[in-house]
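**Q** starting from these lines, generate the structure:
(2 chains)
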There are 2 protein chains.
Amino acid sequence: MEAERTLREEELTGLAELAAQLRVDSIRCSTRAGSGHPTSSLSAADLLAVLISRHLRYDWSYPGNRANDHLIFSKGHASPLLYAVFRATGAISEQELLETYRQSNSRLQGHPTPALPWVDTATGSLGQGLPVGVGIALAGQYLDKLPYHVWVLCGDSETAEGSIWEALDKAGHYGLRNLTAIVDVNRFGQRGPTELEWDLDTYRRRVEAFGCHALVVDGHDLAAIDEAFGRARQASGPTVVLARTVKGKGVPEIENRPDWHGKALEPDRAERAVQALGGVRQIRVAGPRPVAAAPPAPTPAGKAPELPRYEKGAKVATRNAYGDALRALGVRPDVVALDGEVSDSTRSDKFGEAYPDRFFEMFIAEQQLIAAAVGLRVRGYRPFAATFAAFLSRAYDFIRMAGISRADIALAGSHAGVEIGPDGPSQMGLEDLAALRAVHGSTVLYPSDAVSCAALVAAMVDCEGVSYLRTTRGKYPVLYDNGDDFPIGGSKVLRDGSDVALIGAGVTVHNCLAAADELAREGIDARVVDLYSVKPVDRQRLLDAVRDTGGRLVVVEDHYPQGGLGSAVLESLADLAEPVRVNHLAVRGLPGSGTPAQQMDRAGIGAHAIVSAARALA
Amino acid sequence: MEAERTLREEELTGLAELAAQLRVDSIRCSTRAGSGHPTSSLSAADLLAVLISRHLRYDWSYPGNRANDHLIFSKGHASPLLYAVFRATGAISEQELLETYRQSNSRLQGHPTPALPWVDTATGSLGQGLPVGVGIALAGQYLDKLPYHVWVLCGDSETAEGSIWEALDKAGHYGLRNLTAIVDVNRFGQRGPTELEWDLDTYRRRVEAFGCHALVVDGHDLAAIDEAFGRARQASGPTVVLARTVKGKGVPEIENRPDWHGKALEPDRAERAVQALGGVRQIRVAGPRPVAAAPPAPTPAGKAPELPRYEKGAKVATRNAYGDALRALGVRPDVVALDGEVSDSTRSDKFGEAYPDRFFEMFIAEQQLIAAAVGLRVRGYRPFAATFAAFLSRAYDFIRMAGISRADIALAGSHAGVEIGPDGPSQMGLEDLAALRAVHGSTVLYPSDAVSCAALVAAMVDCEGVSYLRTTRGKYPVLYDNGDDFPIGGSKVLRDGSDVALIGAGVTVHNCLAAADELAREGIDARVVDLYSVKPVDRQRLLDAVRDTGGRLVVVEDHYPQGGLGSAVLESLADLAEPVRVNHLAVRGLPGSGTPAQQMDRAGIGAHAIVSAARALA
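**A** I've put the predicted structure just below:
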């Protein structure tokens, strides 16, 4: 293999020429755009020149080739360099690079996104590319069992993010020999020196303590880089190449200066820089190609999943139904599951027991949990990631970025709301509906019973984008018949009535049913709507309720009042011309401990409060 | 000092007796409650017995004594142990412990919160107590300059959270010699063995690589613990005591078993355990008291802040006004600022330049950024923490927990919305209003101009709970007169009109004004409302608009459609009997790159779209 040969003089010259082209192009496109990060691109140009010429096995004409290596820019702000790489490989034209970078409607955005077929995941929120790379590497080593390698370019500043250490810890724990992180240690962040500057030895000790090989190199010594990448590919575990580099390398006016972060060069300065670098080149790289034949993608085929069945009226927790349904979906070989060390609570342990080879324990590292799901999805799997609803908030930035990546990942958050009882507010998901609804392209589901929960889990497996299922800790009666249909975007009328509509989701549906009984005794005819699809919401069902009740709605949710089920209903009805009065019950105080019933009563979302709210509208 | 003496035999016996009491009480209260984490309490009982008897300098009768050490249970689920400690010190009675733990309306909640005067910060979401402890230690070493020590009990499972490494990195970077983390390495998490089990050497190497002293001890050897704590207090930098412990220690039936996480003992088993431990004791600990005299709290007094003034019509970015106002507030000695290595973008650098001693650079570690703010607030400071609005999502769990702690912290998120232009969606705060509104007790502000921004920053300094200010990247005209009043919960009518109301906040206020001009040319008389207080929202102003316009509202926001400004308006008007039609303009697609104007036009939140929306209502 090329990587194992010693470089000849003319090869070194060729690499230097390519590196110069990458620098020149990084400068040209950012200057043309008037913004961007040329200095952070220049520091890593030599690393990338060697990588794409001699180590990255990639079929640039066919990014869908499943034998391709993966290249992730965790330091997404170095997009000029990434796009210069694409231009050097012929993936994009010089014209596209120069004329469209950072322009409106361009796919060459300020930070990379999968709008480009060679980009696996959106980056630009630092510390995320490496954790996603861990997910891809997990797929490669444990599922695909293919020799592709995952190369992640990291910045040094982003090693301040805890998520980098979650990633290296998991890389070490899982012994990911197919993963190489390349840290561009140019010692300057946005505001000046980084914490560790060029203290490569401390980086090395941290990396090694986290279970990874560390290779320290001069990031501008092409032969040394080449040797390090060759060793990284052959290593018995994950490798971190710690490259000492100079920010702005190659352009004396801006080299190694703290005040040139994130600034495009002015045209005259750019002109001088390009000249100093030897001018524009038209080098076309032909790097190594993948050695394996393209293997098949994981297939959604398999036996048809046989969803669990429940007896109507039996008390079953929806989190148990999640586990049951997930296990049932396991007949599809593309379904994988992950958990944040609480799988006996979320009940994803049911899948883990049945399919241990497709279950990944991420321990208490929710950021890595979500990132691994995104990485597994990059390889075509259908990941389900679970933890407590409250603790998904730990990974909110990752979920946000998954939305930007349009990653099809399914999330399950258990122990939602005050219903959990005595554990107190730290364990209660009370803002998850607001947070997850606001993620671009998301789907938000909140079933009230085991039958609907199982059906929705089955629907999530083919859902586009980020989908989120909220489950309940306690056991509540099964309300529906096995086999009933629960389309995403739908809802159910559990009881008809035209005096007032009681609209709930999840646990509050049960409270609404109890309230409707009480109201019936008072002669008030209440409709009960199970709005299990919080996003998208069933607007037609809501319009029917408005029409039939004269616009009298009670919406009740086990969530803070902002942004949740109530907002979903109100947003859906915002443009109606006829009057709608919504009495909105939600958790307005700060909960403490207590039994589930005490908690819901105190929060004013129990049956009694619903009855009062309905009366007030009547 | 006590810690330096060798322990006599009778002292060791006394400590063992106290440890037995802590174990017995942990078992009793959790069994009585029927839930809780006795095994995770038993493993750390010896550590706490030594700590409170001989090292924690604390005046239990006066938790407000500012010379007191701090004790944080980062492993908040070990609340039985913490409350047993409180009982042993006399802070709470045996009756309160046994009868109220985890009960409704009790202050002894499942996980600790500052509802208890001896608790600094809510824990229970793992990996947060230590970062908050870093904030307290920063205050002690750099601001208070007092000899109090911060002791944080951590679990071993929570070291999988990246935030723990953000915390140790910052502890090392800032050389926090007043901080000791005690890791209870009992080798079992919720689901079985932890990643590192009893590999104390790897823990040690990680800790040392992150710049902290590491002391490995047998966590059940009272003399060894005593020596370690003594050394930790005297160390020249932060110390991590790595204590090898046994989960469930002291109760043979459940000792060192993976299947006893988070389970209360059944009454008969508890009875046997208490007997085995020698029965109930009534030991009252008199540990060391603080050596220093109580020093004064940081005071809000000082010169009256002189807010920056701006010329009406001049173009000023609100992020600049944030920096100007923050600098002006610096005359108050209790005001401190923190940033996530983007202070030249958020403009908190203006404060940092004027008051370098009260400015803390947290580098790119947003979780630690927020946690440090919480810790500084514990010590009475008024912290302002800033980063890009998008990157506050990285710390959402910390902000959520700050809400539960009722911590008075001010957050500023710059670069909100598509308005930022070419950088692309990873850098755009587009879900921050939804996320921050849903935090318990939060205040959310989004000024349109520099004058209102400065006034709101000044208001935030005395705001209760989590307050959030959203700022804009670009420059827009100053709309208000210096000295105008901008109360939290208020709004401004910038133009009167009764055909339709155009309601915006932040950058969209300017688009509304442009639209109103255009509509005026068409003979449509549009009111323009600046709803700068997104939470709480100015309901009366909205009611007036509904009344005067016949319920014709256009709400326009640079945010995704869910949970933001539109939802705030709709939630406020939900219960109105009269019809309200809201045409809601928000960012419905996934943005890319482009100029600010292109971005807003494409998202349908520019003046043109507002005009169309208003016409449609007329």
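**Q** contacts, neighbours, all on C-alpha from now
**A** Noted.
**Q** got the residue ranges for the strands in the stretch 301-450 of chain A?
**A** Assigned by DSSP state E, counting those that start in this stretch, the strands in the stretch 301-450 of chain A fall at A:315-317, A:335-339, A:359-361, A:382-388, A:409-414, A:443-445.
**Q** and the longest helix seen in chain A, how far from the chain's centre?
**A** The residue-count maximum for a helix in chain A (DSSP state H) belongs to helix A:9-33. In terms of CA atoms, centre = their mean, to the nearest Å, the centre of helix A:9-33 is set 33 Å apart from its chain centre.
**Q** which secondary structure elements does the helix or strand just after that helix sit against?
**A** Using DSSP states H and E, the helix or strand that follows helix A:9-33 towards the C-terminus is helix A:38-42. The contact analysis (3 or more CA pairs under 8 Å, 6 or more residues apart in numbering or on different chains; DSSP states H and E) places helix A:38-42 against helix A:9-33, helix A:79-89.
**Q** write out the residues of the stretch 1-150 of chain A neighbouring chain B.
**A** When proximity is defined by CA under 8 Å from any CA of the partner chain, the stretch 1-150 of chain A lies next to chain B at A:35-36, A:102-107, A:109-111, A:122-125.
**Q** where does the nearest residue to residue A:251 once chain neighbours are set aside land in three-state SS?
**A** Distance criterion CA to CA, 6 or more residues apart in numbering or on different chains; nearest residue to residue A:251, sequence neighbours excluded, is residue A:273 at 5.6 Å. Using DSSP: H, G, I helix; E, B strand; the rest coil, the three-state assignment for residue A:273 comes out as helix.
**Q** pLDDT score for residue A:273?
**A** In this prediction, residue A:273 carries a pLDDT score of 97.
**Q** what do you get for residue A:4?
**A** Note on residue A:4: pLDDT of 49.
**Q** same deal with residue A:66?
**A** So residue A:66 comes in at 95 (pLDDT).
**Q** any chance of the strands of the stretch 301-450 of chain A in a markdown table, with mean neighbour count, distance to residue A:575 and mean pLDDT too?
**A** Shown next, in a markdown table, are the strands of the stretch 301-450 of chain A (neighbours: other CA atoms under 10 Å in any protein chain shown; distance: least, CA to CA, whole Å; pLDDT from 0 to 100):
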| stretch | mean neighbour count | distance to residue A:575 | mean pLDDT |
| --- | --- | --- | --- |
| strand A:315-317 | 19 | 37 | 98 |
| strand A:335-339 | 27 | 40 | 98 |
| strand A:359-361 | 21 | 45 | 98 |
| strand A:382-388 | 27 | 35 | 98 |
| strand A:409-414 | 27 | 31 | 98 |
| strand A:443-445 | 27 | 22 | 98 |
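**Q** okay, these in CSV with distance to chain B next?
**A** Below are the strands of the stretch 301-450 of chain A laid out as CSV (distance: least, CA to the nearest CA, whole Å):
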stretch, distance to chain B
strand A:315-317, 18
strand A:335-339, 10
strand A:359-361, 10
strand A:382-388, 10
strand A:409-414, 14
strand A:443-445, 12
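**Q** can you put those in CSV and add distance to residue B:7?
**A** Formatted as CSV, the strands of the stretch 301-450 of chain A follow (distance: least, CA to CA, whole Å):
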stretch, distance to residue B:7
strand A:315-317, 53
strand A:335-339, 45
strand A:359-361, 44
strand A:382-388, 44
strand A:409-414, 48
strand A:443-445, 59
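**Q** how near is the closest residue to residue A:617 other than its chain neighbours to residue A:607?
**A** Once flanking residues are discounted, residue A:617 sits nearest to residue A:552: 6.2 Å by CA to CA, 6+ apart. Note on residue A:552: its distance to residue A:607, by CA to CA, to the nearest Å, is 17 Å.
**Q** ok, residue A:316 next?
**A** 20 Å.
**Q** before we move on, what about residue A:365?
**A** Counting by CA to CA - residue A:365 and residue A:607 are separated by 37 Å.
**Q** give me the element residue A:566 is part of.
**A** helix A:565-573.
**Q** residue A:416 contacts residue A:425, correct?
**A** No. Taking CA atoms under 8 Å as the definition, residue A:416 is not a contact partner of residue A:425, at 10.4 Å.
**Q** who touches stretch A:136-147?
**A** The contact list for stretch A:136-147 (CA atoms under 8 Å, 6 or more residues apart in numbering or on different chains) reads A:67, A:148-150, A:174, A:176-179, A:292, A:357-358, A:372, A:375-376, A:378-379.
**Q** pLDDT (mean, whole number) over it?
**A** Rounded mean pLDDT across stretch A:136-147 is 97.
**Q** which of the residues in it are buried?
**A** A:136-141, A:143-144, A:146-147 (16 or more other CA atoms under 10 Å in any protein chain shown).
**Q** same check on stretch A:323-337?
**A** A:323-337.
**Q** quick revisit: now the longest helix of chain A: average pLDDT?
**A** If you average the pLDDT over helix A:9-33, you get 97.
**Q** and what of stretch A:250-268?
**A** Per-residue pLDDT over stretch A:250-268 has a mean of 95.
**Q** can I get that stretch as PDB, trimmed to CA atoms?
**A** Coordinates of the C-alpha atoms in stretch A:250-268 are reproduced here as PDB (Å, rounded to 0.1, in the frame of the first residue of the first chain):
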ATOM      1  CA  GLY A 250       2.200  29.900   4.300                       C
ATOM      2  CA  VAL A 251       1.100  33.500   4.400                       C
ATOM      3  CA  PRO A 252       3.700  35.400   6.300                       C
ATOM      4  CA  GLU A 253       1.500  38.500   6.800                       C
ATOM      5  CA  ILE A 254      -1.000  36.500   8.900                       C
ATOM      6  CA  GLU A 255       1.000  33.500  10.100                       C
ATOM      7  CA  ASN A 256       0.900  32.600  13.700                       C
ATOM      8  CA  ARG A 257      -1.000  35.600  14.800                       C
ATOM      9  CA  PRO A 258      -3.800  35.700  17.300                       C
ATOM     10  CA  ASP A 259      -5.800  38.400  15.600                       C
ATOM     11  CA  TRP A 260      -6.600  36.600  12.300                       C
ATOM     12  CA  HIS A 261      -9.300  34.200  13.400                       C
ATOM     13  CA  GLY A 262     -12.300  34.000  11.200                       C
ATOM     14  CA  LYS A 263     -11.400  36.800   8.900                       C
ATOM     15  CA  ALA A 264     -11.200  36.800   5.100                       C
ATOM     16  CA  LEU A 265      -8.200  38.500   3.600                       C
ATOM     17  CA  GLU A 266      -8.800  41.700   1.800                       C
ATOM     18  CA  PRO A 267      -8.400  41.400  -2.000                       C
ATOM     19  CA  ASP A 268      -5.000  43.000  -2.200                       C
END
